[in-house]
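**Student:** Fold the following for me, if possible:
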Amino acid sequence: MNRFYVPFHAGLKNLWIDSSESHHITHVKRLKVGDNIIVFNGMGDEFEAEIEEIEDNRVKVKINQQKTISKENIVGIDIAFAIPKGKRSHLLIQKCTELGVHKLIPINYARSVVKLKDDCSAKIEKWQKIAIEASKQCGRNTITEIGEVVNFDNILKTVDSYDLSLFACSQSDANNLKNTLQEHPKPNNIISFIGPEGGFTTNEIEMATKSGCKFVSLGSRILRIETAAIAVSAILSYHYST
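**Tutor:** So this is what the prediction gives:
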């Protein structure tokens with residue numbers, strides 16, 4: 001059944017859907033009055049609904065049944081990533097959302113090729129829309145949050161709020177990721193740092209060490225930003241799935 005994202009609170013019996021989702025319902029899917037759809041609110045709730053009325057660019061639906069369906073990871077996973085060039089960031093957002101990442105945090109590292117400024121709300125909004133579409137496709141009832149862009153030294157101030165902080169790098173003394181995860185069997189939340197194409201600076205490594213981050217290796221090959229982010233998300237999701 002077709003799924004659509006509508007941010008509303010549970011308890012409503014009828015709901016008007018407007019903006020891009022109503023366009024998707026009427027012009028893309030070409031659904032009619034009487035057709036059944038699924039709506040989810042991004043807060044974990046999913047509802048069966050029936051189209052009652054189509055008016056201009058709005059669609060009215062009747063909420064028939066609420067379902068409690070969780071497809072979220074057992075462990076909350078946040079990815080603090082360097083921004084890749086071009087549309088490679090779109091792939092990163094899409095696939096990490098499909099893999100159940102809780103939050104994606106764009107970071108300005110010292111060697112970042114792409115650095116976002118404070119006036120980047122349009123890009124963040126674009127990324128959030130990609131996350132919404134990915135959640136619709138993969139069946140999640142929550143939406144991966146896209147955080148505001150922050151500098152590396154500022155994000156390090158938050159690592160104490162995580163049970164495990166991973167620093168994916170090519171350092172010779174980095175531990176095997178599998179071994180590190182086995183040493184932490186039941187974390188509630190994890191943050192993983194994904195660096196830029198040029199790697200982390202000596203200063204960033206020293207700062208991460210002082211903050212208690214665990215240095216881990218993803219293998220002998222050098223991965224692109226989006227590949228590393230997707231790989232870490234998949235490994236963490238799988239490892240803590242049981």
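**Student:** doesn't Gly147 make contact with Ile93?
**Tutor:** No. Contact criterion CB atoms under 8 Å: Ile93 and Gly147 do not qualify, at 11.8 Å. Heads up, the C-betas are built off the backbone N, CA and C, glycines and all.
**Student:** Now the common contact residues for these two.
**Tutor:** Leu104 (CB atoms under 8 Å, 6 or more residues apart in numbering).
**Student:** give me the element the closest residue in space to Leu12 that isn't next to it in sequence is part of.
**Tutor:** Closest residue to Leu12 apart from its sequence neighbours, by CB to CB, 6 or more residues apart in numbering: Ile63 at 5.9 Å. According to DSSP states H and E, Ile63 maps onto strand 58-68.
**Student:** what's the following helix or strand after that strand?
**Tutor:** Heading C-terminal from strand 58-68 (DSSP H and E), you reach strand 76-82.
**Student:** Could you list the paired strands of the strand holding Ile63 along with their orientation?
**Tutor:** Note on strand 58-68: by DSSP bridges, its sheet partners are strand 14-17 (antiparallel), strand 45-55 (antiparallel).
**Student:** Which among those is found nearest to Ile235?
**Tutor:** The closest of these to Ile235 is strand 45-55. By CB to CB, the value is 27.7 Å.
**Student:** sorry, back to before: the strands paired with strand 58-68 into JSON lines, with extra columns for distance to Asn175, mean pLDDT and mean neighbour count?
**Tutor:** Formatted as JSON lines, the strands paired with strand 58-68 follow (distance: least, CB to CB, whole Å; pLDDT from 0 to 100; neighbours: other CB atoms under 10 Å):
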{"stretch": "strand 14-17", "distance to Asn175": "49", "mean pLDDT": "91", "mean neighbour count": "17"}
{"stretch": "strand 45-55", "distance to Asn175": "40", "mean pLDDT": "92", "mean neighbour count": "17"}
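**Student:** can you put those in CSV and add distance to Ala122?
**Tutor:** Putting the strands paired with strand 58-68 into CSV (distance: least, CB to CB, whole Å) gives the following:
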stretch, distance to Ala122
strand 14-17, 24
strand 45-55, 29
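**Student:** Figure out which of these is closest to Asn108.
**Tutor:** Judging the strands paired with strand 58-68 by CB to CB, what sits closest to Asn108 is strand 45-55, at 35.2 Å.
**Student:** Alpha carbons of the closest one, as CSV, please.
**Tutor:** Included here for strand 45-55 are C-alpha records, laid out as CSV according to Å, rounded to 0.1, in the frame of the first residue of the first chain:
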residue,chain,number,x,y,z
ASP,A,45,3.1,6.1,14.4
GLU,A,46,1.6,4.5,11.3
PHE,A,47,-2.1,4.6,10.2
GLU,A,48,-4.4,3.1,7.6
ALA,A,49,-6.4,5.8,6.0
GLU,A,50,-9.0,6.2,3.2
ILE,A,51,-9.2,9.1,0.8
GLU,A,52,-12.5,11.0,1.4
GLU,A,53,-12.1,14.1,-0.6
ILE,A,54,-9.8,15.8,-3.1
GLU,A,55,-10.0,19.6,-3.3
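**Student:** Many thanks, I have nothing further to ask.
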